[in-house]
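> my questions are about this predicted structure, shown below with the sequence.
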Amino acid sequence: MAKYPFDTIEPKWQAYWEKNKTFKVREDKSFPKEKRRYVLDMFPYPSGAGLHVGHPEGYTATDIYCRYLRMNGYNVLHPMGYDAFGLPAENYAIKTGTHPSVTTNANIENFTRQIKSLGFSYDWDRCVSTCESDYYKWTQWIFLQLYKKGLAYEAETPINWCPSCLTGLANEEVKDGKCDRCGATVTHKTIRQWILKITDYADKLLEDLDSLDWPESVKLMQKNWIGRSEGAEVTFTIADKDGKATADSLTVYTTRCDTLFGATYMVVAPEHKLVSKLTTPEQKAAVEAYIDQAAKKSDLERTDLAKDKTGVFSGSYAINPVNGTLIPIWIADYVLISYGTGAIMAVPAHDDRDWEFAKKFNLPIIEVLKSQVDVQEQAWTEDGIHVNSGFLDGLNKADAIAAMLKWLAEKGCGKKAVNYKLRDWIYSRQRYWGEPIPLVHCEKCGCVPVPEEELPVKLPEVKSYQPTGTGESPLAAITDWVNCKCPKCGGPAKRETNTMPQWGGSCWYYLRYLDPVNDKAFASKEAIDYWMPVDLYVGGAEHAVLHLLYARFWHKVLYDLGYVNTKEPFQRLINQGLITSFAYQRKNKTLVPIDEVEERDGAFYEKATGEKLESVIAKMSKSLKNVINPDDVIKEYGADSVRMYEMFMGPLEVSKPWNTKGLIGVSRFLEKVWAVSEKPLCDDDMSADMRKLLHKTIKKVTEDTSTLNFNTAISQMMIFINEVSKLDKMPKALWTDFVKLLSPYAPHLGEELWSKLGNSNTIAYEAWPVYKEEFCKDSSVTVVVQVNGKIRDKLEVEPNTDKAELEKAALASEGAKKFMEGKTAVKVVVVPNKLVNIVVK
């Protein structure tokens, strides 16, 4: 078999595409709206490690689809860029003194080289990088629109704090109580922050999900993160030391205001603003010690249902509005300041967590829902008719809630309310490598926006990138940069020294791709109207409540301000599955790096201990040394082989393990294609069988490519090549159509084969082959004959032969008669065009 010379062909066509700007796209109005497509890959962060073979999976899928669309007459926008701000580059700068822009740009150069080596058809003239000032000028501009709309505010607030990165983290950046970046255990710290009021858009973010063609799992994750619930806000008056009402009060949010008669104590979060006021002198030392301990715990640790409940009495009491009873106010870390009002009323008879707390601290437990258990022994958390509840006695849940809401409103101590789990977005970071926030602080004028014509506010050069750890960024030490004039009064002022998070630049990059060199707007109205919304977005499900939620929020603000033309940015979303790798696991479930494993007699053992290991599937990671570098496999097998193998592994959305043996198989297939291309061409008409094979292949590849079922399309192409390889001469029309089908999947080989056919132009915009249904029909179909579920014969019959004829033919077949001898057919199951199953006794 002739060797496919991918090592010369692939660089040749990559150079051709780059020189000729083959995939440069313009807003050509001759394409009607229905013939335009915007296909987007998720913005990669250019890490120092470069690509691993998992990265190109989604990129390959979108590339095949875009090439297919172009050949079907679509104008396709398919760009690439880099989410270039981020902690890794800054952490590296802290260690080495190398400016983050130096390492970031070097990483971008490497990423670009690797991406180009895979033959992706991006319009590289539209490439953007979030850390370039001509890009973040517009990130700053959008922030100012949020600020002017009242959606950005400054507050002293308790935040998630990473003691390793020395910066604040949004809730979404904390995974299992640890920093999503470095893995350190997250604590809490109260510092000055800039916060975006994403909660103002909670209802819109929730309601518009139903209009999107997204995986239901992602929509559910966003719905749960937003966490809308309906209930009541109830106000409890604080009592003085004599039990009399004061002017102070505590407001709680509850979904069960009907259980107020069972509220026997209150709990406030350690961070609640009234803690110091509620704490009596006698309890001050205990409260301060408790707050100090709580600050060292993550939210996950604090709300763990299995953990022992902790708390401290504030020394103060509140007055239950429904019965005037004094109830103690406790401080406990299982209540979070980030949910509701940061205070709860506790009904221990009907809540497990409250019951455990009440038992531990000897607090009263009052049954208010008729229970089937003794509430002194365990909580009753099901519904029941109301008891011990005054005017609610005898009512069911719905009627009791309605009656209590009415009573609270009449008494002026409560109202119906909607609450969200979603918290406002903590937007600022105490780091250097991020977009400067375009605001200045003036003693006379307060906080003043930088005039838009003065944007961008550029990052200054610094000597130290080390975070202060006090809540100020390294920028605070650059006095020449910090000290400025107030844009409003001209007096002395200071620049904002917090920077934006990495999510800022990635919130809107899909809009900058539309018009990347526009210095008058983030994108022109014409470009926005031409391309938006994104028709297909492919990326990982891990971004469901981070990038995807933030981008939707920013887009909706821009829509309300009239800058974009759609309510939603991404109409269709596909989550590609992970490409995993093999790993080796000890009995205690910990994993061993592959270079510390040896194979003996087909089993795997840890070299150091001799322990027998189990082979498992795991995520690729540097620590396990199981990362596959695409540079290595491209060098050995070629980019087209890598592309096709990643699509052949299985359905796009499913995770699957990398296996180099599978890659070798795909590589051999492409070598076989190359060998077939060496056969002499002829102008002869193709045989009826070859014509049927071709049209079936065109139909299968067309349908599967249009629906992103690439693995089955490749299977059909393999069937085709196996059959045509038996021919001595190749009908030119047959081969021409196949080369077109192959080209989106193996574009380098496709271009070379197209050139071998005598064409001087690129294949990228050639018309996609069209099948005729009449040539796809089989003259006969194979119907399996089973006896008691086991195959005993096969029939060749006309398609759609009716059931009665199939049954008759099956009963008369030699295989059926042999295995029915001496037995009686009690039932015959006929599936037309598939099988006949004869049940005998």
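Arrived safely. Numbers count the residues shown, from 1 in each chain.
> Ala232 looks like it's in a strand, true?
Yes: assigned with DSSP: H, G, I helix; E, B strand; the rest coil, Ala232 falls within a strand.
> list the contacts of it.
Tyr253, Thr254, Thr255, Cys257, Met404, Leu405, Leu408, Gly414, Lys415, Lys416, Ala417 (CB atoms under 8 Å, 6 or more residues apart in numbering). Where C-beta positions appear, they are placed from N, C-alpha and C, glycine not excepted.
> hang on, Val840 packs against Asn788?
Yes: counting by CB atoms under 8 Å, Val840 touches Asn788, with 6.2 Å between them.
> and the two? which has more neighbours close in?
With neighbours defined as other CB atoms under 10 Å, Val840 and Asn788 compare such that Val840 has more, 16 against 13.
> roughly how far does that one sit from Cys131?
Look at Val840 and Cys131: by CB to CB, to the nearest Å, they are 75 Å apart.
> picking that back up, output the contacts of Ala232 in CSV, with secondary structure and pLDDT appended to each entry.
Output for the contacts of Ala232, formatted as CSV (DSSP: H, G, I helix; E, B strand; the rest coil; pLDDT from 0 to 100):
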residue, secondary structure, pLDDT
Tyr253, strand, 95
Thr254, strand, 95
Thr255, coil, 95
Cys257, helix, 97
Met404, helix, 97
Leu405, helix, 97
Leu408, helix, 97
Gly414, strand, 96
Lys415, strand, 96
Lys416, strand, 96
Ala417, strand, 94
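> quick one, which of the residues you listed are buried?
Tyr253, Thr254, Cys257, Met404, Leu405, Leu408, Gly414, Ala417 (16 or more other CB atoms under 10 Å).
> what two of the residues you listed are the furthest from one another?
Tyr253 and Met404 (14.2 Å; CB to CB).
> show me where the stretch 401-550 of the chain has its helices.
With helices called from DSSP state H, counting those that start in this stretch, the stretch 401-550 of the chain shows them at 479-482, 502-506, 509-512, 525-531, 547-560.
> contacts for the first one next, please.
Residues outside helix 479-482 that contact it (CB under 8 Å, 6+ apart) are Pro460, Leu475, Ala476, Lys494, Arg495, Thr497.
> list the buried residues of that helix.
In helix 479-482, counting by 16+ other CB under 10 Å, buried: Trp481, Val482.
> can you give me the distance of Val826 to Leu260?
68 Å.
> neighbour-wise, which of the two wins?
Leu260 (27 against 9).
> now the more buried one. Nearest residue, chain neighbours left out?
Ranked by CB to CB, 6 or more residues apart in numbering and with sequence neighbours excluded, the top spatial neighbour of Leu260 is Val322, at 4.6 Å.
> same check, this time on Lys790
That would be Phe819: by CB to CB, 6+ apart, it lies 7.8 Å from Lys790.
> got it, and Val368?
Gly262 is the one closest to Val368 (CB to CB, 6+ apart), at 3.6 Å.
> gap between the one you found and Asp304?
In terms of CB to CB, Gly262 sits 25 Å off from Asp304.
> more neighbours: which of those two?
Set Gly262 next to Asp304 and count neighbours by other CB under 10 Å: Gly262 wins out with 28 against 13.
> ok, the more buried one - contacts?
Val347, Pro348, Ala349, His350, Ile366, Glu367, Val368, Leu369, Asn388, Ser389 are the contacts of Gly262 under CB under 8 Å, 6+ apart.
> nearest to Trp194, of those?
Val347 (37.5 Å).
> the closest one reaches Met266, doesn't it?
No: using CB under 8 Å, Val347 makes no contact with Met266, being 10.8 Å away.
> centre-most residue in the chain?
Closest to where the C-alpha atoms of the chain average out (CA atoms, centre = their mean) is His543, at 2.4 Å.
> show me where the stretch 451-600 of the chain has strands.
483-485, 492-495, 536-539, 573-575, 579-585, 591-592, 597-600 (DSSP state E, counting those that start in this stretch).
> which two of the contacts of helix 479-482 have the greatest separation?
Between all members of those, the farthest pair (by CB to CB) comes out as Pro460 and Lys494, at 13.6 Å.
> which neighbours do these two have in common?
Contact criterion CB under 8 Å, 6+ apart; residues shared by Pro460 and Lys494: none found.
> next, the contact list for Met620, please.
Residues in contact with Met620 (CB under 8 Å, 6+ apart) are His52, Val53, Gly54, Ile579, Thr580, Ser581, Asn626, Val627, Ile628, Trp658.
> roughly how far apart are it and Ile579?
Met620 is 7 Å from Ile579, by CB to CB.
> any shared contact partners between these two?
Joint contacts of Met620 and Ile579 (CB under 8 Å, 6+ apart) are Val53, Gly54, Trp658.
> closest to Gly86 among these?
Nearest to Gly86 among the shared contacts of Met620 and Ile579, with distances taken as CB to CB, is Gly54, at 18.7 Å.
> name the element Val770 belongs to?
Per DSSP states H and E: Val770 is located in neither a helix nor a strand.
> and for Asp793?
Counting by DSSP H and E, Asp793 is part of strand 790-797.
> next secondary structure after that strand?
Next along the chain from strand 790-797, counting by DSSP H and E, comes helix 803-812.
> got the buried residues for whatever helix or strand comes next after that following helix?
Going down the chain from helix 803-812, the next helix or strand is helix 814-820, by DSSP H and E. By neighbour count on 16+ other CB under 10 Å, the buried set for helix 814-820 is Gly815, Ala816, Phe819, Met820.
> with stretch 509-520 instead?
Quick answer for stretch 509-520 (16+ other CB under 10 Å): Tyr509, Tyr510, Leu511, Arg512, Tyr513, Leu514, Asp515, Pro516.
> hmm, Ser164 is touching Lys178, no?
No: look at Ser164 against Lys178 with CB under 8 Å: they stay out of range, at 10.0 Å.
> let's see stretch 383-400 as PDB, backbone CA atoms only.
Taking C-alpha atoms only, stretch 383-400 is exported to PDB below (Å, rounded to 0.1, in the frame of the first residue of the first chain):
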ATOM      1  CA  ASP A 383     -46.700  18.300  55.500                       C
ATOM      2  CA  GLY A 384     -49.600  18.100  57.900                       C
ATOM      3  CA  ILE A 385     -52.600  19.900  59.100                       C
ATOM      4  CA  HIS A 386     -51.700  22.900  61.200                       C
ATOM      5  CA  VAL A 387     -51.800  22.600  65.000                       C
ATOM      6  CA  ASN A 388     -50.700  24.900  67.900                       C
ATOM      7  CA  SER A 389     -50.900  27.700  65.300                       C
ATOM      8  CA  GLY A 390     -53.700  30.000  66.500                       C
ATOM      9  CA  PHE A 391     -55.700  31.200  63.500                       C
ATOM     10  CA  LEU A 392     -54.100  28.700  61.200                       C
ATOM     11  CA  ASP A 393     -55.200  25.600  63.100                       C
ATOM     12  CA  GLY A 394     -56.900  23.000  60.900                       C
ATOM     13  CA  LEU A 395     -55.600  24.500  57.600                       C
ATOM     14  CA  ASN A 396     -53.500  22.800  55.000                       C
ATOM     15  CA  LYS A 397     -50.200  24.100  53.700                       C
ATOM     16  CA  ALA A 398     -51.500  26.200  50.800                       C
ATOM     17  CA  ASP A 399     -54.400  27.800  52.700                       C
ATOM     18  CA  ALA A 400     -52.200  28.400  55.800                       C
END
